[in-house]
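Asker: Please find the sequence and the predicted model below.
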Amino acid sequence: MIQMERRVVVTGIGVVASNGIGKGAFKHAIEQGKMGIKTLPVADEVSPFKVGGYIDDFVPEHYLERKLVQRTDRMTHLALAAAQEAVYDANLSMAQEDPTRVGAVIANTLGGATFATKQVRQLHLHGPRAMSAFTAVAWIQVANVGQAALRYGFQGYCKVPVNDLAGGLDGLGTAYRAIRRGAADILIAGGCEAPLDTFVLFSQGLSGWLIATDDPTAYRPFDRHARGFLPAEGAGLCILEDYEHARKRGANIYGEIIGYGQSNDATGWRKLPENGRQYARAIQQVMHEGKISLDEIGYFSLDGRALPIADRAEVDALQHTFGTQAEHIPVSVPRTMQGHSYAAAGAIDTIGALLALQDGFIPPTLHCTYPIYNLNLVRNEARSLHGNVVILGARSYGGSNVVLAIRKIT
Amino acid sequence: MMRRVVITGLGVIAPNGIGKEAFWQANIQGCSGIVPISRFDARPFPTRIAGEVRDFDPLRLGLTEDEIVTLDRGSQFALAAANLALEDAALPPLNDAEREAVGVIMGHAMAGADEGERMWTRYSGHNQYLDNVPDMADLPVWNTSSARSLMAFVPSSVIAAHHQFYGPCLSISTGCSAGADAIGQAFWAIQEGQAGRMLAGGADSAISPASINIFSVMHALSRRNDEPTRASRPYDAQRDGFVMSEGAAVLLLEDCELALARHARIYAELLIFTSNCNAYHMTALPENGAPLQALLRQTLQEGGIEPHQLGYINSHGSSTLLNEIAETAAYKAALGESAYRIPISATKSMIGHTQGAASAIEAAVTALALYYQVLPPTINQEQTDTRCDLDYVPNVARAANIELALTHSSGFGGVNTALLLRRWRS
């Protein structure tokens, strides 16, 4: 029953990002280095957060019936749109599948905070009866997998990892392991987030890690002036599938997930570690699990937190793992184009990497104007990609280091 | 070759008892932890009762002063329960390499709801129900020390930090099944060799005006305000909804070899973790409990056991009519005649519904039932609901001789989870 040797491949992708909705537009955007950061519509006079990765051309009603739009948070609108794209892209027909072998793993960090905030306002301004009866099922993080399961009839394994800014990679990693051990055949996996509400940004801003600015170029990892990231909304979902199952149904295969590594710095939720020792351990786990050789690595998609201490630790982790080779491996922070979409970010990066492997380019890092580390950073413009593996790293403010690796099947 | 996984430490924070011993005694004596709400002025609300943890002393439970100041109540529960579990397991000091092989997975459903509401009231200046919320004008906006934690990844992170555990660390947020899911995922992590030991469980504290009211507007909560201890009554004909509660449970799971090598006391072995999704409704099972039937069948099949071998079920039993009709129907369909012979009890009758913590607390109860060979009761069984006609261990605990026990949960969003445990015999 438990079959550790099962291989896990990606057969469909769905993406809703600030610089592109849908596979085609998104691929074009990351290849061209297109910026998704724009003025936030919610920005009022009191909000210090003026810019972010807002998806201004997203119309929820194009994907969801009006009633459902009203009864769910924007995180769920984004997730269901990405799910629709992914299911279509994978040519997945639930009528052909055993529904108990199909499930969803959608990471999320903040829940339906915007929906919840509105209802808390209703309560405190207009009393107990003024709250929407849909609040409980709209704001919980499980709303996204629950709604996806309802929509498509997924009756199998469903989970919701929460790991702050790293959750998207955990969504994919958790699903990868579940399929590998035989707990499911097909899982729609990734992450979604919708944090661009004034109060939600305020609550996040208390941490001091979000940049309160009107400068759309303020997210500058590995730059002399790095001072934090810009927030974004988005969703990235992949159809993960047992390799044999995918082959039997003749599915298009983007690539294989070959490793998932996890460690924690044990520094708590308010402090960043000084070094990359534990992060390096997560990278090594993935190198080992995926039997990855150095010359296979097309690029390393970095966390790129854009705080001096975090950037330094990330460089330290690379040096710890790859030694003197660290400065030669191409690295990039593609999320500088979209802003940091929390639990969606790792999944959107992975989708970018699958498209990059397919078309042979490395998506660039924007706004690192004054690089101060000895890195082979792909800046401003895409570069051609050599190698069939991409490694992706992500870190949380809870000290988690999460690493995922994908390989193109040749 | 999969490794075997055993439960060697238990830490519980519940309205009817803090610490394994007090909690277990309360359970087998049928003590309820439901009380009139004291955390805020509940008079304007239709439901004014909840399961409150009354004597929580974080300092005594090993939290530092900084942790007490910066962590929200749910995170404090999580850390305190983890501390209790480690103490209970008598785990000796570990070196760096050993701590790299220890991870943390916690489940939550309502993380940050309480603290988020507080933050909103002081941010907006609109506060109708909460006491002691400082006015925004008094707060330095960008001073991080003024913010308490309110995000779901925090509890697992602070447990890892407090004990310097460097292994896999994350949270799971699958509603009321979150705690059991966290335990299940941690079980798999050890089974597959990603860790040697895992702390896993659930925690939630959401007794705030908005957190209670979101369920009130759905008419999901009991309004038996005058008789708090009689309010949570799964399977009883007079039930009128669930009772909101707060709490936490953390289990120390160990690779069997590691536990044996250190001569650890073993409560039970974790055999099987299964889960599925209703894909039916965001808050309800179909009346025949079909998804739960499927889950029970899958669990037995993966465990290679027959229904008659199952000695005990700790049910989801939330004191909600539709849930219990579906549950009972599923037991009969999946277990056949055995359904009438297997004792079933609902821990929520005593402690209410602790949300993301509930299924972890119930896993702890199931492990203790196997260890002590005593089945805790379902209290408040007074008037039989003819549609729920199984053996719910009414009102009084019962001695037993059982080898296999199952606990299962169902949550908003439709995720159902089951854990199958086996009595440990050395």
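Answerer: The structure has been received and is ready for your questions.

Asker: so which strand or helix has the residue nearest to B:S124 when sequence neighbours are not counted?
Answerer: Distances taken as CB to CB, 6 or more residues apart in numbering or on different chains place A:R121 nearest to B:S124, at 6.9 Å, with adjacent residues excluded. Backbone N, C-alpha and C define where each C-beta goes, glycine included. Here A:R121 is covered by helix A:113-126, with elements defined by DSSP states H and E.

Asker: got the buried residues for that helix?
Answerer: For helix A:113-126, a neighbour-count test (16 or more other CB atoms under 10 Å in any protein chain shown) marks A:113-124 as buried.

Asker: thought A:D223 was touching A:T365?
Answerer: No. A:D223 lies out of contact with A:T365 (CB atoms under 8 Å); the separation is 9.5 Å.

Asker: And these two? Which one has more around it.
Answerer: A:T365 (28 against 23; other CB atoms under 10 Å in any protein chain shown).

Asker: which residues touch the more buried one?
Answerer: A:221-222, A:304, A:332-334, A:336, A:377-380 (CB atoms under 8 Å, 6 or more residues apart in numbering or on different chains).

Asker: Just say helix, strand or coil for B:G317.
Answerer: Following DSSP: H, G, I helix; E, B strand; the rest coil, B:G317 is assigned to coil.

Asker: Could you report the neighbour count for it?
Answerer: 30.

Asker: who's in contact with it?
Answerer: With CB under 8 Å, 6+ apart, B:G317 has these contacts: B:234-235, B:323-324, B:327, B:344-349, B:378, B:392.

Asker: That one: what's its closest spatial neighbour, skipping adjacent residues?
Answerer: B:A346 (2.6 Å).

Asker: now B:L420
Answerer: B:I272 (4.0 Å).

Asker: residues in contact with the closest residue to chain A within the stretch 101-250 of chain B?
Answerer: Closest residue of the stretch 101-250 of chain B to chain A, CB to the nearest CB: B:S157 (2.9 Å). For B:S157, the contacting residues are A:264, A:268-269, A:396-400, B:104, B:169, by CB under 8 Å, 6+ apart.

Asker: one more time with 7 Å, if that's ok
Answerer: A:268-269, A:398-399, B:169 (CB atoms under 7 Å, 6 or more residues apart in numbering or on different chains).

Asker: related to what we said a few turns ago, give me the buried entries from the contacts of A:T365.
Answerer: Buried among these by 16+ other CB under 10 Å: A:221-222, A:304, A:332-334, A:336, A:377-379.

Asker: Now the terminal residues of stretch B:351-367, how far apart.
Answerer: 17 Å (CA to CA, to the nearest Å).

Asker: That stretch and chain A in contact?
Answerer: No. Against chain A, stretch B:351-367 shows no contacts by CB under 7 Å from any CB of the partner chain, the least distance being 9.6 Å.

Asker: quick one: average pLDDT of that stretch?
Answerer: For stretch B:351-367, mean pLDDT is 98.

Asker: which stretches of the stretch 251-400 of chain B form strands?
Answerer: B:268-277, B:310-314, B:344-345, B:374-375, B:398-399 (DSSP state E, counting those that start in this stretch).

Asker: So what touches the fourth one?
Answerer: If you take CB under 7 Å, 6+ apart as the criterion, strand B:374-375 is touched by B:28, B:312, B:343, B:345, B:369, B:393, B:397-400.

Asker: Buried ones among those?
Answerer: B:28, B:312, B:343, B:345, B:369, B:393, B:397-398, B:400.

Asker: mind giving me CSV with these and columns for distance to chain A?
Answerer: What follows is those, written out as CSV (distance: CB to the nearest CB, whole Å):
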residue, distance to chain A
B:I28, 33
B:Y312, 24
B:P343, 28
B:S345, 26
B:A369, 27
B:V393, 30
B:A397, 33
B:R398, 34
B:A400, 29
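
Asker: Can you lay out those residues as CSV showing distance to B:S208?
Answerer: Shown next, in CSV, are the buried ones among the contacts of strand B:374-375 (distance: CB to CB, whole Å):
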residue, distance to B:S208
B:I28, 32
B:Y312, 35
B:P343, 36
B:S345, 30
B:A369, 33
B:V393, 33
B:A397, 33
B:R398, 37
B:A400, 39
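
Asker: For chain A, which segments count as helices?
Answerer: A:23-32, A:66-71, A:74-89, A:113-126, A:135-139, A:143-152, A:167-180, A:198-205, A:243-248, A:277-289, A:308-322, A:345-359 (DSSP state H).

Asker: Check the stretch 51-200 of chain B too.
Answerer: With DSSP state H, counting those that start in this stretch as the definition, the stretch 51-200 of chain B shows helices at residue ranges B:65-70, B:73-89, B:96-100, B:113-124, B:154-163, B:178-191.

Asker: Arrange these in JSON lines, one row each, with mean pLDDT as further columns.
Answerer: JSON lines is the format used below for those (pLDDT from 0 to 100):
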{"stretch": "helix B:65-70", "mean pLDDT": "92"}
{"stretch": "helix B:73-89", "mean pLDDT": "98"}
{"stretch": "helix B:96-100", "mean pLDDT": "97"}
{"stretch": "helix B:113-124", "mean pLDDT": "88"}
{"stretch": "helix B:154-163", "mean pLDDT": "97"}
{"stretch": "helix B:178-191", "mean pLDDT": "98"}
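
Asker: shaky segments in chain A?
Answerer: Residue ranges of chain A with pLDDT under 70: A:1-4, A:42-45, A:207-208.

Asker: coming back round to it: now the residue nearest to B:S124: how far from A:I406?
Answerer: 43 Å (CB to CB, to the nearest Å).

Asker: can you check A:L318 too?
Answerer: In terms of CB to CB, A:L318 sits 18 Å off from A:I406.

Asker: One more: B:D66?
Answerer: 40 Å.

Asker: Could I get the contacting residues of B:A50?
Answerer: B:34, B:37, B:207, B:212, B:243-245, B:352.

Asker: Which element, helix or strand, includes it?
Answerer: Going by DSSP H and E, B:A50 is in strand B:49-51.

Asker: and that strand, what's its mean pLDDT?
Answerer: Strand B:49-51 comes out at a mean pLDDT of 98.

Asker: Correct me if wrong, but B:G202 is in a strand.
Answerer: Yes. Assessed by three-state DSSP, B:G202 belongs to a strand.

Asker: looking at chain B, which helix or strand does the model trust least?
Answerer: helix B:113-124 (a mean of 88; mean pLDDT, DSSP states H and E).

Asker: Tell me what angle it forms with helix B:73-89.
Answerer: 150 degrees (axes from the mean of the first three to the mean of the last three CA atoms, to 10 degrees).

Asker: ok now helix B:113-124, how far from the chain's centre?
Answerer: Distance of helix B:113-124 from the chain centroid (CA atoms, centre = their mean, to the nearest Å) equals 25 Å.

Asker: List the buried residues of that helix.
Answerer: B:113-123.

Asker: In CSV: the residues you listed, plus distance to chain A.
Answerer: Shown next, in CSV, are the buried residues of helix B:113-124 (distance: CB to the nearest CB, whole Å):
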residue, distance to chain A
B:A113, 8
B:D114, 11
B:E115, 9
B:G116, 7
B:E117, 5
B:R118, 10
B:M119, 6
B:W120, 5
B:T121, 6
B:R122, 11
B:Y123, 6
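
Asker: give the contact list for residue 279.
Answerer: No chain in the question, so chain A it is. With CB under 7 Å, 6+ apart, A:Y279 has these contacts: A:263, A:313-314, A:317, A:395, A:401.

Asker: switch to chain B, that's the one I care about
Answerer: By CB under 7 Å, 6+ apart, the neighbours of B:A279 are A:99, A:149-150, A:153-155, B:414.
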